[in-house]
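J.: what's the 3D shape of this:
(one chain, ligands or ions: 2)
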Amino acid sequence: EILSSAGLLAGLNSEQLAAVTWPAQPALVLAGAGSGKTRVLTTRIAWLLQTGQASVHSILAVTFTNKAAKEMQLRLSALLPVSVRAMWLGTFHGLCHRFLRLHHQEAGLPKTFQILDIGDQLAVVKRLLKQLNIADEVIAPRSLQGFINAQKENGLRASRLTARDPHERLMIECYAAYDSLCQNEGVVDFAELMLRSYEILQSNDVLRCHYQNRFNHVLIDEFQDTNKLQYAWLKLLAGEHAAVFAVGDDDQSIYRFRGAEVANMTRFLHEFGVSEPIRLEQNYRSVGNILTAANAVIAHNASRLGKNLHTESGSGEKIRVLQAINDIEEAQFVVDEVKALHREGLDYMQMGILYRSNAQSRVLEQALFRAGIPYKIYGGLRFYERQEIKHALAYLRLAVNPDDDNALLRVINVPTRGIGTRTIENIQAAASQTGTSLWQAASSLAAKNSKIAAFIHLIENLQAQTAQVSLPELMAAAIYDSGLMEYYRTQKGEQQERINNLEELLNAAVAFKPQESGFDSEPEYDENDPLFAVLSFLSTASLEAGEHQAGQGEDALQLMTVHAAKGLEFDAVFLTGLEEGLFPSEYSMAEKDGLEEERRLMYVAITRARKRLYLTMAQQRLLHGQTHFALPSRFVDEIPECVLQYLSAHKNTLVARQQITQRTNPFHSSRSKLADTPASTDFDGFQLGQNVHHERFGTGVIIEASHKAEGARLTINFGKQGIKELDTVFAKSKLT
Ligand code: ATP
Ligand code: MG
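T.: Ligands and ions are numbered 1, 2, ... in the order given. Here you go, the predicted model:
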């Protein structure tokens, strides 16, 4: 049923309404977290379509993550019966990729060009340095990779760089060599997607005019995180006439380390002739206490554009703070609370567990796994980054482009088929001698080597199928005919999970729907070409690495880094690992403005919560294989006490106790040592962290204990029954 335009606009406040129905002119919405920026942007698209001011073809909408783009598509199709797949709605990378697919000829790319993800790119860089005989000590592969990406994000090719010293000169030469290597192999890295698109738009008048005429409305979410090149790309696409509608929040700029420039906001006002940003000041997401905490934390930052946020929902519950003994107990606490909330009727997907860095997920995952709670991870080892998936996709990539050297190296001997390192080196030598791809070199050696011949035959077979069979059939061939499935079936160890993953990959191929080009004046582009589906699938896999999760649609707890949580919201949020050195991270403190960026990250984290927020930390945790002791994050101290509720005893006592522990036993080096509890942590027969049962209060956990002249005093968290202090002298008989 189509909603009337009044229905679309119902419920918006007056500032939101003004923003949604802004005339076709540039506008910047500058507003804090949860004030409805994304909602305004989505509603504006729907309103433009519904009132006939724009068609699906004339809108370009950019969001920051694939998850956000998908959510926007969902919201839109809920509002209007539009073909969102035909719309140019996506991430910067996704849209540039689509653009290059359509215009690969103008871009000087083979039709079958492939995308290098971060890992593939590093492999290429390493290979290049080896070819050039440059030792890792002279140029570390990662530093070259970082250098190349940073230059591309600034829009600079090697030819436009000037060296200040010999080392830099070498880096620039490597950058140039890297670019020509990629060009020869028909591969494109992430940063190249953007830069190449930008360059074509700039140099090709016909294309530029076409797109500038086509897109009347350009809308961008999370504008504060755009970098120089993205800004320039938007500006070029928008041209003189498009109404550019940007929304953002300077306090949520968390990608400066990747070149994002908040200055783009003030630049936008200036260059697009916008006199005043539109401000939204009512927060609809979070209850008062959570908003108070967020506002208080961010107020500690000096460089801000300044905004106000208030809420009309009540103050809500206090923010729960827990300092656990160690990370295992922290995780256990989270799991227990999650279970309790779920019993109370909250869906798992309405709860988010956030952490500063990916590595922190493992302990949490373990606890969740043991408790049998379904969860999904955004980030971390993603589905498409898993070994077996990359192997299978490499076969697919070779099927469409056998000259893809990376893909060939990945699977020439996986599963093992007797092509050893020696043989591979011979192939590489032959290739660099004749200046051809590894595939061609291998083909020329096939007559003398039956193992190579068998491999060539296998790939040619796949190649022949690409023109004839459907994507799932080709995928099945890549998984089964290659011997990959059999390989994992006969291997020891983790094979079952890998087999499941490969089967899931086949599911993904079956369910896959390529995006429509939404572009009718491109005659060469045939969506019915079976190759099209394969290419789209491969690109989607690279772009969305990880955002495809097994068991879609299933209710699952959401785990992710704070970065990945940008723009999302949950009824309950667990913000874990709030310790100095972890959050704020120790690296950030060494950098200029590093602490302010961490604080913005904290602001993003807090404002993800709608109703309930937990702040948790551990006194000890295993980091890089060693036990570390940590103080609570300074960010927790920046929150007014009146909105906090300590679930453990007051933090000062805890800190004191931690220091004592540290003095008595400074060399905890492994978890096993932690486990054999020293005598001093025995409190009249009870231990910290121990689960107990009280005849009146039910089940609880001992969160604090101290010795007394007689017996001990225990502080026990009985969950819904609250936190009780009990003296063992009186309570021992009631506790089991
Ligand atoms: P962030 O800065 O975190 O990206 P945002 O400004 O984009 O936040 P939204 O995600 O658009 O905020 O909105 C936050 C929540 O408030 C959403 O659940 C949204 O549906 C709701 N919301 C926004 N405006 C209104 C409104 N006028 N009435 C009721 N709910 C609203
Ligand atoms: Mg948003």
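
J.: Low-confidence regions, the chain specifically.
T.: Within the chain, the segments meeting pLDDT under 70 span 1-6, 359, 379-385, 492-497, 514-528, 543-553, 622-626, 649-681, 688-689, 719-722.

J.: Flag every residue of it that's near ligand 2.
T.: Residues of the chain lying close to ligand 2 (CB under 5 Å from the ion) are 37, 38, 567. C-betas here are computed from N, CA, C, even on glycine.

J.: Compare those residues and tell me which is most surrounded.
T.: Using other CB atoms under 10 Å as the neighbour criterion, residue 37 leads the residues of the chain next to ligand 2 with 26 neighbours.

J.: So that residue is in contact with residue 221, correct?
T.: Yes. Assessed by CB atoms under 8 Å, residue 37 is found in contact with residue 221 at 7.0 Å.

J.: before we move on, which element is the closest residue to ligand 1 within the stretch 451-600 of the chain in?
T.: Taking CB to the nearest ligand atom, ligand 1 has its nearest neighbour within the stretch 451-600 of the chain at residue 567, 4.2 Å off. Using DSSP states H and E, residue 567 maps to neither a helix nor a strand.

J.: Who are the contact partners of it?
T.: Contacts for residue 567 (CB atoms under 8 Å, 6 or more residues apart in numbering) come out as 38, 63, 64, 65, 68, 221, 222.

J.: Among these, which pair sits farthest apart?
T.: Spanning the widest gap among these are 38 and 65, at 11.8 Å by CB to CB.

J.: when you scan stretch 34-51, is anything in it near ligand 1?
T.: Yes. On the criterion CB under 6 Å from any ligand atom, stretch 34-51 is in touch with ligand 1 at 34, 35, 36, 37, 38, 39.

J.: Which one of those residues is nearest to residue 132?
T.: Nearest to residue 132, judged by CB to CB, of the residues of stretch 34-51 next to ligand 1 is residue 38 at 46.2 Å.

J.: which residue sits closest to that closest one, ignoring its sequence neighbours?
T.: Nearest residue to residue 38, sequence neighbours excluded (CB to CB, 6 or more residues apart in numbering): residue 221, at 5.7 Å.

J.: just residue 84 next, same as before
T.: residue 73 (4.4 Å).

J.: Next: residue 25.
T.: The shortest distance from residue 25 to any non-neighbouring residue, by CB to CB, 6+ apart, is to residue 243 (5.5 Å).

J.: if I look at that neighbour, how far off is residue 98?
T.: Note on residue 243: its distance to residue 98, by CB to CB, to the nearest Å, is 22 Å.

J.: before we move on, what about residue 70?
T.: For residue 70, the distance to residue 98 (CB to CB) stands at 15 Å.

J.: likewise residue 107?
T.: Counting by CB to CB - residue 107 and residue 98 are separated by 12 Å.

J.: do the same with residue 198
T.: Separation of residue 198 from residue 98 (CB to CB) stands at 14 Å.

J.: Also residue 188?
T.: Note on residue 188: its distance to residue 98, by CB to CB, is 13 Å.

J.: what about these two, which has more around it?
T.: Counting neighbours by other CB under 10 Å for residue 188 and for residue 98 shows that residue 188 has the greater number, 25 against 20.

J.: and the residue of the chain nearest ligand 2?
T.: Closest contact between the chain and ligand 2, by CB to the ion, is at residue 38 (3.2 Å).

J.: Would it be right to say that that residue lies in a helix?
T.: Yes. Residue 38 forms part of a helix when assessed by DSSP: H, G, I helix; E, B strand; the rest coil.

J.: which one of the residues of stretch 34-51 next to ligand 1 is nearest residue 277?
T.: The closest of the residues of stretch 34-51 next to ligand 1 to residue 277 turns out to be residue 37 (CB to CB; 11.4 Å).

J.: Who does the spatially closest residue to the closest one that is not a sequence neighbour form a beta bridge with?
T.: Leaving aside its sequence neighbours, residue 37 sits nearest to residue 247 (CB to CB, 6+ apart; 4.1 Å). Taking DSSP bridges, one obtains residue 29 as the residues bridged to residue 247.

J.: Run through who's touching the lengthiest helix in the chain.
T.: Longest helix of the chain, by residue count under DSSP state H: helix 166-185. Residues outside helix 166-185 that contact it (CB under 8 Å, 6+ apart): 108, 116, 124-125, 128-129, 132, 134, 138-139, 144, 147-148, 151, 157-159, 161, 163, 188-189, 192, 403-406, 437.

J.: cool, and stretch 729-736?
T.: If you take CB under 8 Å, 6+ apart as the criterion, stretch 729-736 is touched by 684-686, 692-696, 708, 710-711, 714, 726, 728.

J.: Now tabulate those in TSV and tack on neighbour count and distance to ligand 1.
T.: Shown next, in TSV, are the contacts of stretch 729-736 (neighbours: other CB atoms under 10 Å; distance: CB to the nearest ligand atom, whole Å):
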residue	neighbour count	distance to ligand 1
684	16	48
685	11	49
686	21	44
692	20	40
693	12	40
694	17	40
695	10	44
696	9	41
708	13	48
710	9	53
711	18	50
714	26	41
726	22	42
728	19	47
